[in-house]
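Engineer: coords please:
(chains A and B)
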2 protein chains.
Amino acid sequence: MSSDLISEIRAQSKLAISQAISLIENQWVDGNKLLSKLYKYTGYAYRIGITGPPGAGKSCITDNLIKAFRKKDKTVAVIAIDPTSPFSGGAVLGDRIRMTMHHSDPNVFVRSMATRGGQGGLAMRAEEVGEIFDAAHFDIVIYETVGVGQIELDIIQAADSVIVILVPESGDEVQMLKAGLMEIGDLFAINKADRPGANKLMITLKNLLSTLTFDENNWQPEVFQTIATEGKGTDVLLKNLLSHQNFNQSKGIQMRKFQDRYHRCVNSLINSNIQKIFWNEEKTCLLQSELQKGQQKQMSPYSLVSKLLEL
Amino acid sequence: MSSDLISEIRAQSKLAISQAISLIENQWVDGNKLLSKLYKYTGYAYRIGITGPPGAGKSCITDNLIKAFRKKDKTVAVIAIDPTSPFSGGAVLGDRIRMTMHHSDPNVFVRSMATRGGQGGLAMRAEEVGEIFDAAHFDIVIYETVGVGQIELDIIQAADSVIVILVPESGDEVQMLKAGLMEIGDLFAINKADRPGANKLMITLKNLLSTLTFDENNWQPEVFQTIATEGKGTDVLLKNLLSHQNFNQSKGIQMRKFQDRYHRCVNSLINSNIQKIFWNEEKTCLLQSELQKGQQKQMSPYSLVSKLLEL
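Structural biologist: Sure thing, here's the model as predicted:
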């Protein structure tokens, strides 16, 4: 770990940042060493999560946000969480076809991460990549992710503000609840609002949200319409984002979110470490020999666990 | 833990099975004791996973499968994994409105589990509930789950056969890949096949699958059409399920899936145990006091972890 890498990350070198992300994705020990050294430079970026069903226009809205933040001279990093293609082994929509228009802007960085494969710690690793961008002076870190799986929700909930993108076709109440989107959104953008059903969805959403009680210490989610392909609604989106950010800061929610991230980071590191310590050669061998005996001769997993814990 | 509970579970008492599931969901230690005692009775049920996007008709196909299996005099348990409603705190589509027609059949048991809340171990707990049904002589255990989040995928991949339900509208290739459905399906049912686009989707799917190479030891996924509301295609679905089951058995895949479940169970139990052992009062206090210092005075999470591991 050269101190050069640190200073190059701090200077927003795209190459250095890419190297740092590779470390985090592939080399656990070195990645942690790097994060440990970068820690004192973090705590400044604002983290935005963008989610919604496939085809809702998340990339397009992200794109509009990037443009709007750039106009305000903010630097923007995007971490796009894509399901891995079973065919290529890589992310389905990689950096290549994503937001290519910002490619030449040194103050915009777009990075894809894949949800499959190294499943376990993905949410954690995405947060760590966010830390890299934070240390690299990016003002805004956007997590963009399709769908509403647990990993995606974990990632999104690490954000300071969560934007849920819906389309008029998402209208069915039960389906929306099933998709688990209602409880995680701070802002709800009804995109493609020129299509039939946009107003109906707006009413449905507001009704659903009104069944929740919000007091002065809880943010009342905002619902609004956008037509992202035409850039319409981006101003409202930005205004609401800013309100939410101010609300979070004034109510101490921003601080709580920071503490949650800190807590998760400690838990994750401890879990990985104690698992490594536990599974020494003797215990690994015992498990393997038990697995090789076959179903008929194996002891129950519960008996095996007792034996392993006694060792 | 009374031996009565065990014998009542073995006698398929719905009350006893419900009690057992509650134990698993709410009382970790007693739940494990029960599973440990039931272990010797397990290993017989065939586990089927059913997944697909919201509105694809999973419940309806599950319903058709239940009817078909009942005709063959097989007992069927359904574990439906639903996202939790943020409003009720319970599962969105509970047992109440699900497959109510089988309510009076003592050989069909439908149970909902919620994906939110106690997130961490849900996939594990769903497998454990499957073990209860297995010990209770259910021939077929069906895991039915909306969406394609990681937890859902974990649950589904614990199944012996995975059925992915699609509809003609799911046709867009990129969206299907994004949804991560391609790599987990053993059988692909194109439901609502009387709608336009069913044949096109069938061709798209077959093309996508043909880019994978299957040798004689790898199952070539089947693609077929259904109209679940009219019961059409259930015979083909059953036939394909049986082929897949036979294939799994003849190629040793069934055994491998069993060993994977065993391995996961051991890992999960070990992880829970070593975390409990690690977080003693001293360490918990250290973490808490660090959290209370606030962002400015806190040591980095990496330094804290080193200190915790030294204790």
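
Engineer: and A:Y302, how far is that from B:Q19?
Structural biologist: Distance, A:Y302 to B:Q19, using Cβ to Cβ, to the nearest Å: 19 Å. Just so you know, the C-beta spots here come from the backbone N, C-alpha and C atoms, and that holds for glycine as well.

Engineer: which residue of the two possesses the greater neighbour count?
Structural biologist: Ranked by neighbour count (other Cβ atoms under 10 Å in any protein chain shown), A:Y302 and B:Q19 place A:Y302 first, with 19 against 16.

Engineer: show me what residue of the stretch 151-300 of chain A gets nearest to chain B.
Structural biologist: Closest approach between the stretch 151-300 of chain A and chain B, counting by Cβ to the nearest Cβ: A:E183, at 3.3 Å.

Engineer: which SS class is that residue?
Structural biologist: Here A:E183 is recorded as coil under DSSP: H, G, I helix; E, B strand; the rest coil.

Engineer: neighbours of it, just the number please.
Structural biologist: A:E183 has 18 neighbours, counted by other Cβ under 10 Å.

Engineer: swap in A:D139?
Structural biologist: Counted with other Cβ under 10 Å, residues neighbouring A:D139 total 17.

Engineer: what residues does it make contact with?
Structural biologist: By Cβ atoms under 8 Å, 6 or more residues apart in numbering or on different chains, the contact list for A:D139 reads A:Y44, A:A45, A:Y46, A:F69, A:K74, A:T75, A:V76.

Engineer: how close does the first one sit to chain B?
Structural biologist: For A:Y44, the distance to chain B under the criterion Cβ to the nearest Cβ, to the nearest Å works out to 11 Å.

Engineer: thought A:F133 was touching that residue, still the case?
Structural biologist: No - counting by Cβ atoms under 8 Å, A:Y44 stays clear of A:F133, with 10.3 Å between them.

Engineer: the more surrounded of the two?
Structural biologist: Taking neighbours as other Cβ under 10 Å, A:Y44 and A:F133 compare with A:F133 leading, 28 against 10.

Engineer: show me what contacts the more buried one?
Structural biologist: By Cβ under 8 Å, 6+ apart, A:F133 lies in contact with A:I17, A:A45, A:A77, A:I79, A:F109, A:V141.

Engineer: whichever strand or helix holds the third one: partners in the sheet, and parallel or antiparallel?
Structural biologist: Element membership of A:A77, judged by DSSP states H and E, is strand A:76-82. Strands adjacent to strand A:76-82 in the sheet, as given by DSSP bridges, are strand A:108-114 (parallel), strand A:140-146 (parallel).

Engineer: next structured bit after the first one?
Structural biologist: If you walk from strand A:108-114 toward the C-terminus, the next helix or strand you reach (DSSP H and E) is helix A:122-135.

Engineer: from the chain's centroid, how far away is that next one?
Structural biologist: 9 Å (Cα atoms, centre = their mean, to the nearest Å).

Engineer: got the contact list for the nearest residue in space to A:S300 that is not next to it in sequence?
Structural biologist: Nearest residue to A:S300, sequence neighbours excluded (Cβ to Cβ, 6 or more residues apart in numbering or on different chains): B:Y39, at 3.9 Å. By Cβ under 8 Å, 6+ apart, the residues touching B:Y39 are A:S300, A:P301, A:Y302, B:E131, B:A135.
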